[in-house]
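Colleague: Please find the sequence and the predicted model below.
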Amino acid sequence: MRARYLFTLLFVLLLCSPTLALEANQLRDMFVAGDYQGVVNLCDANAGQIEQSEFADQVLLYCGQAKVALYEENGSTPMLTSAIEDLEMSLNMYYLHSTSFALGKARVMALDKTSTREEKRALIWKGLGEMWDAINKRHGDEGFTRAVVSDAILSYSLQYKKLITDLVIKEQDDPAMVMWLTARIRMLTDRFKQIDPSQGENETRQGNLDAVYSYMQELYEATYFDRNPVVGMYKYNGDSNEHDYMQDEETQEMFHKSLYYYNEGLFRVRIPKARAVLHERIAYLCSLYISEDKDKKIEFYKQGFHNAADGLVIMDRIAADKPERADRAYRFEPDNTDLIAQLQKHYGQNLSGLIYLMWERQDYQSVVALRQNVFDKGFDWKTKANDFLLIADSAAKLAISNVSDKIMYDKYKEMCLMSSSRAFKFSLAKFNGRWPTYDEEFCEAMNAYSGFLMQFGETVEASNLERTYGPVCQEPPAEPAALEVEVNP
Amino acid sequence: MSAARLLRFTAVLLALVLVCSGVLAQDETEPIEETPAVAAGTEAPPLQTSQLYSEMEWVLNDMMRCIEELRNAEDLQSKRLLVEQVEELLYRQVEFPFMYQQSDSPNALDVAPIGATTDVVDGREANPLAPLFAQAFALMGIAKGYEGYAAAANDYIDRAKEIYGNVLSMRVRIDSFQVPKELNHWLADSRGRWGATSSIRVTFYGKTISQEVVDGLNLKTLHIKPEDAGNASPAMDYNMLVAQHDFLKGMRRYVVTDDLDTKRRDNKFFLYLPPGKYRLMTEVSMDYGTIIEVHANPSRNHYMVETIEDGVTVYPVPDAESIEESVVPTGYRPLEPAETGSEQGQ
């Protein structure tokens, strides 16, 4: 009797064993662990039975998502087609935001496999619609809040944003599609206009909300850039990659991507002010470049310097333009004064970097060749005095090496003294007509100028200089001693 | 086996089944979403009016955004896509969930808000949501206005007024959401851009429509062309493209087919065409097609639409002029309780 009960028990347990439920769990674990091929193998092995499962929708969701991931790895079209079928079936069984979102994304991925404009339009329409539905319904589940949205919505929105900005670039030959995509971008960014990061539940959430709020605001503004969303998206993608460039070797790819997007934007831009903005962006990006490879550094500093110079030329033209043409060129354009200030700053940064690197590799001819770019500019930058001194030093070295050629010697001597004199006057000008006090940069310039005068035999002038300003630079003033205050216990 | 043994065996078996079901319940795969959708076939709790209000506000925001872009669009192709977007928003977010209450898919989320909205239908202006629904139709009218379809714009405005009389005095932010202005203002603005539009409403009524045929219709298999080839012009091409879209849209969204899920639709739709003769062709009738004659008086432009084999045919309604000229869709009629229940579970 006992044996029969035991047999029955085992039989019923076998019948009731939740194999299918476990299968969905198993797929989820494998998917989370990144074993996409394993998930797909399991899905293929159970192809005929999945639909019978109580959790078929979830099984199909993992099957579909794993196939999409594999497609991203190896680009197999049948894999993507199969993924779309799985996700469609899953969605028909049970609506989940994640399924709708994944399906929409997979459809948009299939875009490269379509040929006609109509097919592309239909696919984008459907795919983005499904993704938007997911965001909208998720937002509905959260009561359509305005000030705060969940991290799930933030995540969906960022993925959607990435996809749609790339689509604008991909579909730039279809102006109607670009217009429609722009409308959809603005529909997305509209949802984030009333976000109030300070109302986030904790610091992490506040940070997340703040970041996404800023991204969306930047994206919204970028759609108006140059009155051409395509150029705007190039700029936006350039900005996004620039944010991700951490000035290290690991994120160099971001630097190059950013530069690529800015240059592509520059190739298409039409409005002069927008062109100046792109020049400014490139100049800024190049000034950030850090690498062990000095040739590359020189290459990018040069690029940055030339872009800043081109930007400044455009801004000069805009300033000289008739007032009626100085109206706003496009929405959210930066203020002229701010833009010029930024261009000047990046001009100086790139030029200083370039001069220093050339000087460091003892390419003095190249250093002195850059002197007009320092001398002739009617604006200043932080390291301008140092640039004058490096030019002066290079010229001095060239003079010495040309000591047998009087013409060349005199030329470099004059160049050196002029440059060091400019460095000195530049440092002195910082005191705005007041008698100078001890200042490291001023004293360095004064000593260098005096030294070059001595070197080239201009002893009288050197002595005058030393006599006049030497005492100022004798010793840095002592730090005033902190007052001791007696505190009554 | 004795009766006592049999009883004991059955009891053990039942106990095991109960234990097993418990195991299964505990072992169920965890939901992927924090708040999963209601399973197909179950009745969703009605949404709160305030939530519907918020939802409608977002829908209207999206519509306004599209109209804002439409105002700035310069080429016809862009306009078309944006108008289609507004149409889709109106249909998917307003008409489908709140009026037709059909369940084309087992997606319960689409069905969920319906239970709470029968009072919208009954209450008309008294319902706090009515102005928002009316606004959606008015915005659609303005969109059609900017597209250059005066008659269509008027029809949508009339539908909006039916829902909420004062709709045109409501303020909306279309100008990049900067300055709220009355819908009247935007209507006038869109009218200013109509130009010499001459499209007249043509009404189609569904009769014996096969869902399968409807599913097979698309821009490749259905064409509308002017009968007189001499009429060809870019403007006429655009009219044909819009008519083609409207016809497909009408067949897919508004006509009752042999599919039960479509039974609450209006069973009629509209095209807007300049007076003249046009040929409607489907894949199976490419050679001959059927003729649609558009008269300057819209009361003469009533057609029946039927599916035959794999194609579509249209013919004039015999007593067309006796049909009362009203564009208000039948979808607004108060719903019978039995009707509501019958579709909830689908």
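Modeller: It's in. Residues are numbered from 1 along each chain as shown, chains lettered A, B, ... in the order given.

Colleague: List the contacts of residue B:276.
Modeller: Contacts for residue B:276 (CB atoms under 8 Å, 6 or more residues apart in numbering or on different chains) come out as B:226-228, B:231, B:293-294. Backbone N, C-alpha and C define where each C-beta goes, glycine included.

Colleague: which among those end up buried?
Modeller: Among the contacts of residue B:276, those classed as buried by 16 or more other CB atoms under 10 Å in any protein chain shown are B:226, B:231, B:294.

Colleague: In strands, which of those residues fall?
Modeller: Using DSSP state E, the subset of these located in strands is B:226, B:294.

Colleague: and the contacts of residue B:276 near chain A, which?
Modeller: Among those, not one lies near chain A by CB under 8 Å from any CB of the partner chain.

Colleague: I'd like these laid out as JSON lines, including pLDDT.
Modeller: Shown next, in JSON lines, are the contacts of residue B:276 (pLDDT from 0 to 100):
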{"residue": "B:226", "pLDDT": "91"}
{"residue": "B:227", "pLDDT": "87"}
{"residue": "B:228", "pLDDT": "81"}
{"residue": "B:231", "pLDDT": "71"}
{"residue": "B:293", "pLDDT": "93"}
{"residue": "B:294", "pLDDT": "94"}
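
Colleague: between these, which is nearest residue A:146?
Modeller: Taking CB to CB as the measure, residue B:294 is the one of these closest to residue A:146, at 46.5 Å.

Colleague: wait, isn't that closest one in contact with residue B:275?
Modeller: Yes: counting by CB atoms under 8 Å, residue B:275 is a contact partner of residue B:294 at 5.1 Å.

Colleague: Using TSV, lay out the contacts of residue B:276 together with distance to residue A:416.
Modeller: Conversion of the contacts of residue B:276 to TSV gives the following (distance: CB to CB, whole Å):
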residue	distance to residue A:416
B:226	83
B:227	89
B:228	87
B:231	83
B:293	93
B:294	88
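
Colleague: Residue A:136: which of the residues you listed is nearest?
Modeller: residue B:294 (38.1 Å).

Colleague: nearest to chain A, of the contacts of residue B:276?
Modeller: Nearest to chain A among the contacts of residue B:276: residue B:226, at 21.8 Å, using CB to the nearest CB.

Colleague: Surely the closest one and residue B:277 touch.
Modeller: Yes: between residue B:226 and residue B:277 there is a contact under CB under 8 Å: 7.3 Å.

Colleague: Who are the packing partners of the lengthiest helix in chain A?
Modeller: Ordering each helix of chain A by length in residues (DSSP state H) puts helix A:294-320 first. Judged by 3 or more CB pairs under 8 Å, 6 or more residues apart in numbering or on different chains; DSSP states H and E, helix A:294-320 is in contact with helix A:272-288, helix A:336-360.

Colleague: so how far is the last one off the chain centroid?
Modeller: Right, helix A:336-360. Helix A:336-360 sits 19 Å away from the centroid of its parent chain (CA atoms, centre = their mean, to the nearest Å).

Colleague: who's in contact with the helix or strand following that helix?
Modeller: On the C-terminal side of helix A:336-360, the nearest following helix or strand under DSSP states H and E is helix A:364-369. Applying CB under 8 Å, 6+ apart, the contact partners of helix A:364-369 are A:355, A:358-359, A:390-391, A:394-395, A:397-398, A:412, A:415.

Colleague: With only the CA atoms kept, save the helix or strand following helix A:364-369 in PDB.
Modeller: Next along the chain after helix A:364-369, taking DSSP H and E as the criterion, comes helix A:371-375. Extracted as PDB, the C-alpha positions of helix A:371-375 are listed here (Å, rounded to 0.1, in the frame of the first residue of the first chain):
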ATOM      1  CA  ARG A 371      54.000  84.500 -33.900                       C
ATOM      2  CA  GLN A 372      51.600  86.500 -35.900                       C
ATOM      3  CA  ASN A 373      48.700  84.400 -34.500                       C
ATOM      4  CA  VAL A 374      49.700  85.600 -31.100                       C
ATOM      5  CA  PHE A 375      50.900  89.200 -31.900                       C
END
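
Colleague: Return the set of buried residues in helix A:371-375.
Modeller: Using 16+ other CB under 10 Å as the test for burial, helix A:371-375 gives A:371, A:374.

Colleague: Pull the residues that contact it.
Modeller: Contacts to helix A:371-375, defined as CB under 8 Å, 6+ apart, come from residues A:305, A:309, A:351, A:355, A:384, A:387-388, A:391, A:415, A:419, A:422.

Colleague: what's the answer for stretch A:446-459, then?
Modeller: By CB under 8 Å, 6+ apart, the surrounding residues in contact with stretch A:446-459 are A:389, A:392-393, A:396, A:399, A:413, A:416-417, A:420-421, A:423-424, A:427, A:461-462, A:465-466, A:469-470, A:472-473.

Colleague: Please export the C-alpha coordinates of that stretch as PDB.
Modeller: Presented in PDB, the C-alpha positions along stretch A:446-459 are these (Å, rounded to 0.1, in the frame of the first residue of the first chain):
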ATOM      1  CA  MET A 446      60.300  90.900 -16.600                       C
ATOM      2  CA  ASN A 447      63.200  88.600 -15.800                       C
ATOM      3  CA  ALA A 448      63.000  86.900 -19.200                       C
ATOM      4  CA  TYR A 449      62.800  90.200 -21.100                       C
ATOM      5  CA  SER A 450      65.700  91.600 -19.100                       C
ATOM      6  CA  GLY A 451      67.700  88.400 -19.700                       C
ATOM      7  CA  PHE A 452      67.100  88.500 -23.500                       C
ATOM      8  CA  LEU A 453      68.100  92.200 -23.600                       C
ATOM      9  CA  MET A 454      71.400  91.300 -21.800                       C
ATOM     10  CA  GLN A 455      71.900  88.300 -24.100                       C
ATOM     11  CA  PHE A 456      71.700  90.500 -27.200                       C
ATOM     12  CA  GLY A 457      73.900  93.200 -25.700                       C
ATOM     13  CA  GLU A 458      71.100  95.700 -24.900                       C
ATOM     14  CA  THR A 459      72.600  96.300 -21.400                       C
END
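
Colleague: Quick one: mean pLDDT over that stretch.
Modeller: Averaged across stretch A:446-459, the pLDDT comes to 92.

Colleague: distance between it and the chain's centre?
Modeller: Centroid displacement of stretch A:446-459 relative to its chain, using CA atoms, centre = their mean, is 46 Å.

Colleague: Right, I'll call it a day here.
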